[in-house]
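Enquirer: I need the structure of the sequence given here:
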Amino acid sequence: MDKKLTLERLKDISQLGIIFAALLYVLGFLTVNAFLARFGIVSFDIINARYLIAGILCLIPLSIILWMAWHVGNKETYIPFSSNGGWERVKIGITVIFWSHFISSVFVQLFNAAALTNKYSTDKLRYDGLGKYDLSSPYLKFLDELGGMGFVLKMTASLSIWIILIVCFFYLLATILKFLSKRSTPKSEKPKVAASEEKPKEEKTSVQKPIHLFIRRCTEAILYAFIAALFTYAYNKIRIDIFDFDSFHETKLSQGTFFAWFFSSVAGTHILVSIIQDELHKPIKTIKPDFAAYVIQTVMVPIFVSVILFGQTIFPRIPYMIGGGQPREVQLLTSHPALMEIGTGSKLYLLGESSQFFYIAAVNADQSKALQINKNEVEFMTTKIGSGSAVIKSASGSSIIKTGTGEVIEAME
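Expert: Numbering: from 1, shown residues only. Predicted coordinates for the structure are as follows:
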């Protein structure tokens, strides 16, 4: 029995794993092709590991969007406009805006962290202290001989002194306040009243004054106007930041772009999800038989739109080091005359690749083009150019020193 149960559990887990992988693959397929479609390219590769990575990058924020939209639309938190709980609606609206901004900043920092590839100099391994506020490093210079351990010990000592000073300051402040409170005159105690003499407490009924109700309604109206303005801004921001040929000069993901996509997705999904939740709270007899299909259609619309916009605005700005679609400048060596002509005077950016083609964008001030180049036509591709110098033997036998950008700085016979 135990073996059968174990086999059944493993079978269920494997089925869930297959469904999850298929979900990632579909999301990744939509994301990558939404990006490539901006350049007239569609990839139908059946096996492409990039789809799984792109699916993960899309699924994480999309899951948060769906959770927020469902939570806001839930009957326990969603309050009809006709009720008197205006401050609750204001609180919910402010909470959604705050968390959308906070989550956007977190994702942008995480995605852009992968682009911090600049190397530090070895001086960074020598602790310089806190400047004029450092109370210990000037007396611990001998620890520099210990290398990395000296860095750790000096920084520990520097931070520990300030932590101790801060703790002592607050402890002293608390002691002074406690001493002052004891010296203050005690309040006169009220005479105790017998239990039989106590008057029964009257239940207070909350009655809103017209002026209070007017202020609440005005506050709600201002909040809804602010959300409408924010949604309009997010829509315009997305339309501006859709990745195209004029986007290669700045491929870094900004918080404004991610917030525009995230907030508009939450708002759009919430509108449709709230309709479903209204139906779910009706009596079972009144629910239509085709309600399940209606739910799927209603939820799929905002999800599909959100995924497509993710592929056209966010994915192209996620660094390629973590599987994003950020284009990178390349150089091609080919003997094909047409490709050689296109590469002259243009910057070439690698958009992606399939099993047969490289997807290249040739960006030029006069005219830009998107190319599907057969891999057999490319002898080799330079994907990164260092900042150092290299010595290259020319055909005549002389040595030419070139910088990483290809500039000749010296020639020797």
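
Enquirer: residue boundaries of the strands in this structure?
Expert: For the chain, strands defined by DSSP state E occupy the ranges 328-333, 347-353, 357-363, 369-374, 380-382, 389-393, 399-403, 408-412.

Enquirer: May I have the residues that are in contact with S355?
Expert: Listed by C-beta atoms under 8 Å, 6 or more residues apart in numbering, the contact set of S355 reads 45, 47. (Each C-beta comes from the backbone N, C-alpha and C, glycine too.)

Enquirer: Could you check how far the most centrally placed residue in the chain is from L253?
Expert: Relative to the mean C-alpha position of the chain, the nearest C-alpha, by C-alpha atoms, centre = their mean, is the one of F107, at 2.3 Å. Taken as C-beta to C-beta, to the nearest Å, the spacing of F107 relative to L253 amounts to 8 Å.

Enquirer: One more: H270?
Expert: To L253, H270 is 24 Å away according to C-beta to C-beta.

Enquirer: before we move on, what about L351?
Expert: 17 Å.

Enquirer: Quick check: the residue nearest to the centre of the chain touching P61?
Expert: Yes - if you go by C-beta atoms under 8 Å, F107 and P61 touch, sitting 6.0 Å apart.

Enquirer: Now the common contact residues for those two.
Expert: In terms of C-beta under 8 Å, 6+ apart, F107 and P61 are both contacted by the residues F262.

Enquirer: who touches the nearest residue to F259 once chain neighbours are set aside in this structure?
Expert: Take F259 and drop its neighbours on the chain: the residue closest to it by C-beta to C-beta, 6 or more residues apart in numbering is S104, 4.0 Å away. Contacts of S104 were listed using C-beta under 8 Å, 6+ apart, and they are 255, 258-259, 262-263.

Enquirer: Let me know the closest of these to I97.
Expert: The nearest member of the contacts of S104 to I97, counting by C-beta to C-beta, is F263 at 7.4 Å.

Enquirer: Now do the same contact list for that closest one.
Expert: With contact set as C-beta under 8 Å, 6+ apart, F263 has these partners: 97, 100, 104, 230-231, 234.

Enquirer: distance between the ends of stretch 342-357?
Expert: 17 Å (C-alpha to C-alpha, to the nearest Å).

Enquirer: Report the mean per-residue pLDDT for it.
Expert: The average pLDDT for stretch 342-357 rounds to 82.

Enquirer: Give me the distance from it to the chain's centre.
Expert: Stretch 342-357 has its C-alpha centroid displaced from the chain centroid by 28 Å (C-alpha atoms, centre = their mean, to the nearest Å).

Enquirer: swap in stretch 102-113?
Expert: Here stretch 102-113 shows a centroid-to-chain-centroid distance of 4 Å under the convention C-alpha atoms, centre = their mean.

Enquirer: what's the pLDDT at I409?
Expert: pLDDT, I409: 37.

Enquirer: got the buried residues for stretch 349-360?
Expert: Of the residues in stretch 349-360, those scored as buried under the neighbour-count criterion (16 or more other C-beta atoms under 10 Å) are 349-354, 357-360.

Enquirer: tell me the contacts of D144?
Expert: 126, 150, 154.

Enquirer: Turn the residues you listed into TSV, columns for distance to I238.
Expert: Output for those, formatted as TSV (distance: C-beta to C-beta, whole Å):
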residue	distance to I238
R126	46
G150	50
K154	48
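
Enquirer: neighbour-wise, which of these leads?
Expert: Within the contacts of D144, most neighbours by other C-beta atoms under 10 Å means K154, with 23 neighbours.

Enquirer: quick one: that residue and G129 touch, right?
Expert: Yes - under the criterion of C-beta under 8 Å, K154 makes contact with G129 at 7.2 Å.

Enquirer: hey, what's in contact with both of those two?
Expert: The contact sets of K154 and G129 overlap at 136-137 (C-beta under 8 Å, 6+ apart).

Enquirer: Can you pull the poorly scored residue ranges out of this structure?
Expert: Residue ranges of the chain with pLDDT under 70: 1-3, 73-87, 115-124, 184-209, 275-298, 338, 343, 384-413.

Enquirer: how far away is the residue nearest to I161 when sequence neighbours are not counted from Y235?
Expert: The shortest distance from I161 to any non-neighbouring residue, by C-beta to C-beta, 6+ apart, is to L135 (5.1 Å). Distance of L135 to Y235, computed by C-beta to C-beta: 53 Å.

Enquirer: S160 too?
Expert: For S160, the distance to Y235 - C-beta to C-beta - is 51 Å.

Enquirer: who's more crowded, these two?
Expert: Y235 (15 against 11).

Enquirer: Setting aside sequence neighbours, what's the nearest residue to that one?
Expert: Take Y235 and drop its neighbours on the chain: the residue closest to it by C-beta to C-beta, 6+ apart is S264, 6.1 Å away.
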